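Asker: pasted the sequence and its predicted model underneath.
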Amino acid sequence: MSNSETKFGDYGGQYVPEALMPAIEELTDAYERYVLDNEDGFVDEFRNRLRDFGGRPTPLGRADQLSERYGHEIYLKREDLVHGGAHKLNNALGQVLLAKYMGKERIIAETGAGQHGTATAMAAAHLDVPCEIYMGRRDINRQRPNVFRMRINGAEVNPVDVGRGTLKEAISETMRDWATTVETTHYVIGSVVGPAPFPAMVRDFQSVISEEAREQAIERTGGLPGTVVACAGGGSNTMGAFAEFVDDEGVDLIAVEAGGSALDVDEERGVAPNSASLSIGEEGVLHGARTKLLQDGHGQIMESHSISSGLDYSGVGPELAHLVDVGRVTPATVGDDAALEAFHRLSTDEGIIPALETAHAFGFLEEALGGDDATKLAEPIVVNVSGRGDKDLEAVIEETEARELPNAPTMEVFE
Amino acid sequence: MSNSETKFGDYGGQYVPEALMPAIEELTDAYERYVLDNEDGFVDEFRNRLRDFGGRPTPLGRADQLSERYGHEIYLKREDLVHGGAHKLNNALGQVLLAKYMGKERIIAETGAGQHGTATAMAAAHLDVPCEIYMGRRDINRQRPNVFRMRINGAEVNPVDVGRGTLKEAISETMRDWATTVETTHYVIGSVVGPAPFPAMVRDFQSVISEEAREQAIERTGGLPGTVVACAGGGSNTMGAFAEFVDDEGVDLIAVEAGGSALDVDEERGVAPNSASLSIGEEGVLHGARTKLLQDGHGQIMESHSISSGLDYSGVGPELAHLVDVGRVTPATVGDDAALEAFHRLSTDEGIIPALETAHAFGFLEEALGGDDATKLAEPIVVNVSGRGDKDLEAVIEETEARELPNAPTMEVFE
Amino acid sequence: MSSSDRDDPAKRASGLEAAFDEPAFVPYLAAGDPDFESSLEYVEALARGGADVIELGLPFSEPIAEGPTIQRAVARALSSGMTPERYFEFCERLDVDVPLVCMTYYNLIYQYGDEPVRSFVERAAAVGIEGFVVPDLPAEEADLLREACDEFGLDLIFIVAPTTRGERLERIMAQVSGYVYVQARLGVTGARETVSDHTAESLQRIAERGGSAATDVPKAVGFGISSGEQAAAVVEAGADGVIVGSALVDIVAEGDETGRPTDAVAADLEAMARELKEGALAGGQRRPRPERT
Amino acid sequence: MSSSDRDDPAKRASGLEAAFDEPAFVPYLAAGDPDFESSLEYVEALARGGADVIELGLPFSEPIAEGPTIQRAVARALSSGMTPERYFEFCERLDVDVPLVCMTYYNLIYQYGDEPVRSFVERAAAVGIEGFVVPDLPAEEADLLREACDEFGLDLIFIVAPTTRGERLERIMAQVSGYVYVQARLGVTGARETVSDHTAESLQRIAERGGSAATDVPKAVGFGISSGEQAAAVVEAGADGVIVGSALVDIVAEGDETGRPTDAVAADLEAMARELKEGALAGGQRRPRPERT
Ligand SMILES: Cc1ncc(COP(=O)(O)O)c(C=O)c1O
Ligand SMILES: Cc1ncc(COP(=O)(O)O)c(C=O)c1O
């Protein structure tokens, strides 16, 4: 039997209420048996469903216009084409299936951008398990289409009115539900965060991204990529895109966080106008794990900010924090404005409307390769297109109008 | 050199203004050379881009819950997973690429549901060609997300205020643009309609659906499907899903049209409360082709109706009309209510939110297999999931509330 | 159109061509726009104003070759109750002494009566129509209509577009009769401030590739002409006549919108017709026309 | 908490256990709710009402184990400016004669001062705190805190949940000191109308698998107790004490919302404390408690 990792350097662990610990032990056991050791053919079923229901493999396609713009060979790993519109299904499907193998009767999940909630709702409908999703009130209002989708897939959506009403509060509230219902319920956490075994398990479900990308890159370009770029909120698309390259020392791994409106923190108001926990966060404990956090000098968690709900989180996956500390992963930040511009650039130049989260990864390309003081990145560059932007249309239009961006189309076609 | 088909039995032909005829001759020539004869490796590039940009192949997945519900083996061909969310990109990418091979500098297209417009806008952005989309005012208002997407991809969207403001008017208006700009512009028609060579060419671009499905069915089930079901507006997903099975005499092909609110016509008001041209239409000439049409006794074209913009068209592809006449394809109709119910059923039971157009195909399953007087269909059944329902969310919620459907979720989570 | 010598089918074809003996003015109106009775008066006013041929539109719900002006005219006519049958009655009621050409779309011709196409042509001939312009029927698809026209002695007019060249042009010119509708510019119908330079170029092309019809069949230029000056310019450039639609429909539309009396609108139409006819004549005088003058 | 015999670290652990010599009432309030000064008075009122131990919450921004009532209390306390430093001042200012237990989340303990965890515990000890309850710190992750507690002679109280069984239970019971926090039902904190049946069952389980601690360490039951009746029932079922939070916080919250004077609220708290303490005592009388009475 394989053993699951519970710590990544000093990060990780299991900082949860005692009531949850037995469930976490049970989950660890199930993870080791089914996921790591393919007991009862779990992994085979998972892979088949990822293919038939999820639409895997996703392509690795050359970005012709961006390659030309930046004078670098750029390839896109198209997780936006996964059923539901983001990489999130890789994990949600894995966990819901695991819950069924474990005999759980009910699924709960938190969601920020609504992508994980949508993915979980879809997976739960597909596998015929009742499902409830917690979502901050603020996020409900800025990601309406995903709320509709969850409801239409038959999931309950429970608004979380506490605090600023974003992902942090939704996670806390889901943990509270779980503490109440843990005997029958599995909590499908949406990123590589939370107590062990979640970070390792979610990474394993997501690592299909880099497994495919590695093979595709070799097939298409004759070798490994020079650089892999992914946005990082909790870091699940990030770890998914990096996992199989971590041992390839020559491959640069860049995790792009939300720089928000500024890279500092407002200790007074307890607010960070960004979500850059890898870049400016400090070690601490939140939501079950020791990791890098946006917190004030006392250890109170700060409200984060990002134009993209899915990156708007004060923590980050412990493994990613560790890989940054040991120098294997390079963190970078891209602010709201640059992300929005990159959103429009990818849309008009490549015909791919990315999620606002994803747009941060492309904002990094522009900042690294687009300016006069452009650096070089090792080629070819693989950018993980973690999701599509359908959910963000209304928000993008509003934010774009507020900024009068030069490269953005107007919407006056409506009367 | 291969010859393109211009007629299908008595249907088809080229009924267009003289100004367009030279362009149509030029297009016919390009179609024969590039598409049929793979000159300059057109077909290879097309297939590669379908894979890398479009996300093909799409899976053929078993519908576990529906199979159980109906006691029939049911498989879903997942065109909803194609980039942009529908089969439409298969054709749009093919035509925009062809336009580039032909040296055209500008792309125009009509759109109903906005799916074809979106697909064309995406393909045009991807291949770096300016693009304008004509869309009826009514459709603009009921498919807002797709309008946003087209604009965000950099396409101009030209509202068409004539008539009822749906697909019929949009096609007419695009033809008018084309008559003005034909020398530099290619008209990317969105279905297997219009003058030759469009119906054959669009079918060829779409037949990748049945090419894959045929192979997948053999691999998965050990043989050909017994029945293939697809919705039919113009009929492009339909012909795409049927094309490679037409010669397999044992495979039943069922084209499901929009039955709207009733299957009759109101000659007085010139309105058909349905879009069932295959089922109740009469031979006539519209938009460049002889085909089955919804028309009054004088030959005036009727306004059609469907809950789904993409089926809301008074005509249908000439080849499909011919295949119905010769008995190879069986037409069926599903009304608005049944389609909406089927929309919710697929969403909650399979975790797939279909386009309202697509929902008609599932409405057919329910009507054929769900009732007490259930018939048998030849198994396995392949249903073409022509597109996803993200574009329809607002409309579905509104229509659902108006009907108080029992199996539909409420939306009171919003304040 | 109670005329006499057009009852003999054999004579009709020449009837249209004869209308171009001097630079001709060929107006278009949609029958029944904005209503049956006013429309009768309007068409008659055009005849009084000097029309040599009248292109009388039978409105079709999908007028794909028309610009906004004529689209709206067609919509008005349809909602006033115009149908093919009423159209034929309209022709019968019409009291003008110029040849009528039926301008419509193919589906209406195809759907009428028991025998597709033939029934329509037969009835058209019976009410005195002398020819057809069918914008969505290129020469390739015109066999059925051509046969019926031949049977009943009607002309089948084809449009030659700026894009029509080479072999296509030859094929069309070989089939055309009555007159050639020379489309002055690409696009759809609609009045324009300036007339395109395509006219001379198109006529040149027709002269080169049009075979015997290039000299035998008159060439009428349309699409965008809206003033006597433009009419003159077109004729001066070599046209045998000018076709004017939207500029006239504009007068009808304005009358309808502002609720002017029918006879006032009719008077304006007549005046406009006169201006256009005089323009055409003036254009003819400004150029050497040895072959036809 | 200017006390005397608790200055000797060695005596502290026994200080907490001694509080359970008779059925104990252990109230919880968030320090600084709704403001520093009122909160002082409220905590003192609880002591007057008969509290045997006070669990004093140091508010953390992500109280994942708390229900809505305590979440709101925490939010009020935070916005009134409560910080770890102010919390320690609060303890210093507090004039009560019962042992204090610090209830907070691990990150605050971890971040304080120069030496993670140790700095916090040292300071806590200095202001007279005798133990810790840290809801997000299971026994597995508690080594650092346990070491510091040992160093400074504080108790580390663990929660035993309804789901805690078998080996886990043994492991926890082997580490616990001060008292065992027996969680009466699954879920988060919050007053309930009825007390769950888990109490007897949980106590039974602890008795079976808890080793020597099962008899040596007092067992205080919490989560949902909101009346003297419930307190009595819980003690009767075998608990050595009752922990009550939300029911008391409700009084603070209502006072804050309706703007009642601080002393009126304090009086209510004292009365409620008395009811709960009396309930606990009554429960004790209703059952045979040979080992501890
Ligand atoms: C499309 C997309 N990308 C990225 C993220 C960020 O999450 P993670 O960092 O776990 O990939 C989200 C979260 O919702 C998302 O929806
Ligand atoms: C998802 C989807 N399915 C079907 C259709 C109908 O078109 P067709 O019959 O050409 O496939 C449309 C048209 O917009 C569509 O968007």
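Answerer: Right, received. Where do you want to start? Numbering: from 1, shown residues only, chains lettered A, B, ... in the order given. Ligands and ions are numbered 1, 2, ... in the order given.
Asker: and the helices in chain C, which stretches?
Answerer: With helices called from DSSP state H, chain C shows them at C:9-18, C:36-49, C:68-79, C:84-93, C:106-111, C:118-126, C:143-152, C:166-175, C:198-209, C:213-216, C:228-236, C:246-258, C:262-285.
Asker: could you list the low-pLDDT ranges of the chain?
Answerer: You didn't say which chain, so I picked chain A. Applying pLDDT under 70 to chain A flags the ranges A:1-3, A:374, A:414-415.
Asker: not quite, go with chain C.
Answerer: Applying pLDDT under 70 to chain C flags residues C:1-14, C:195-197, C:288-293.
Asker: what ranges do the strands span in chain A?
Answerer: Ranges of strands in chain A, per DSSP state E, are A:7-8, A:11-15, A:60-62, A:74-78, A:106-111, A:131-136, A:156-160, A:185-187, A:227-231, A:252-260, A:282-286, A:288-293, A:329-335, A:381-385.
Asker: now those strands as CSV including mean neighbour count and distance to residue C:65?
Answerer: Every residue, glycine included, has its C-beta placed from N, CA and C. Putting the strands of chain A into CSV (neighbours: other C-beta atoms under 10 Å in any protein chain shown; distance: least, C-beta to C-beta, whole Å) gives the following:
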stretch, mean neighbour count, distance to residue C:65
strand A:7-8, 21, 70
strand A:11-15, 25, 71
strand A:60-62, 22, 41
strand A:74-78, 27, 43
strand A:106-111, 27, 53
strand A:131-136, 27, 53
strand A:156-160, 20, 52
strand A:185-187, 24, 64
strand A:227-231, 30, 51
strand A:252-260, 27, 53
strand A:282-286, 23, 68
strand A:288-293, 28, 67
strand A:329-335, 22, 52
strand A:381-385, 27, 44
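Asker: in JSON lines, list those strands along with distance to residue C:47.
Answerer: What follows is the strands of chain A, written out as JSON lines (distance: least, C-beta to C-beta, whole Å):
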{"stretch": "strand A:7-8", "distance to residue C:47": "93"}
{"stretch": "strand A:11-15", "distance to residue C:47": "93"}
{"stretch": "strand A:60-62", "distance to residue C:47": "66"}
{"stretch": "strand A:74-78", "distance to residue C:47": "67"}
{"stretch": "strand A:106-111", "distance to residue C:47": "74"}
{"stretch": "strand A:131-136", "distance to residue C:47": "73"}
{"stretch": "strand A:156-160", "distance to residue C:47": "72"}
{"stretch": "strand A:185-187", "distance to residue C:47": "85"}
{"stretch": "strand A:227-231", "distance to residue C:47": "74"}
{"stretch": "strand A:252-260", "distance to residue C:47": "75"}
{"stretch": "strand A:282-286", "distance to residue C:47": "89"}
{"stretch": "strand A:288-293", "distance to residue C:47": "89"}
{"stretch": "strand A:329-335", "distance to residue C:47": "73"}
{"stretch": "strand A:381-385", "distance to residue C:47": "68"}
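Asker: any idea which of the helices of chain C gets closest to residue B:193?
Answerer: Proximity to residue B:193 (C-beta to C-beta) singles out helix C:106-111 among the helices of chain C, at 14.5 Å.
Asker: what lines up beside the longest strand seen in chain C in the sheet?
Answerer: Criterion DSSP E: the longest strand present in chain C is strand C:24-30. With DSSP bridges as the test, strand C:24-30 is paired with strand C:54-57 (parallel), strand C:241-244 (parallel).
Asker: distance from it to the middle of the chain?
Answerer: How far strand C:24-30 lies from its chain's middle: 5 Å, per C-alpha atoms, centre = their mean, to the nearest Å.
Asker: do you know how far the residue in chain A that chain D sits nearest to is from residue D:120?
Answerer: Proximity of chain A to chain D (C-beta to the nearest C-beta) peaks at residue A:299, 3.2 Å away. Distance from residue A:299 to residue D:120, counting by C-beta to C-beta, to the nearest Å: 10 Å.
Asker: what's the overlap in contacts for those two?
Answerer: D:84, D:108, D:110, D:112 (C-beta atoms under 8 Å, 6 or more residues apart in numbering or on different chains).
Asker: pretty sure the third one is touching residue D:116, no?
Answerer: Which is residue D:110. Yes: with contacts counted by C-beta atoms under 8 Å, residue D:110 reaches residue D:116, the gap being 5.1 Å.
Asker: neighbour count for these two, which is higher?
Answerer: The residue with more neighbours, out of residue D:110 and residue D:116, is residue D:110; 20 against 16, by other C-beta atoms under 10 Å in any protein chain shown.
Asker: and the gap between the more buried one and ligand 1?
Answerer: Per C-beta to the nearest ligand atom, to the nearest Å, residue D:110 is found 24 Å from ligand 1.
Asker: equivalent analysis for residue C:102, please.
Answerer: Counting by C-beta to the nearest ligand atom, the gap from residue C:102 to ligand 1 is 60 Å.
Asker: pretty sure that residue is touching residue C:127, no?
Answerer: No: contact between residue C:102 and residue C:127 fails when scored by C-beta under 8 Å: they sit 9.3 Å apart.
Asker: more neighbours: those two, which one.
Answerer: With neighbours defined as other C-beta under 10 Å, residue C:102 and residue C:127 compare such that residue C:102 has more, 27 against 17.
Asker: so who does the more buried one touch?
Answerer: Contacts of residue C:102 (C-beta under 8 Å, 6+ apart): C:56, C:58, C:87, C:124, C:129, C:131, C:132, C:133.
Asker: so what's it bridging to?
Answerer: Beta-bridge partners of residue C:102, as defined by DSSP bridges: residue C:56, residue C:132.
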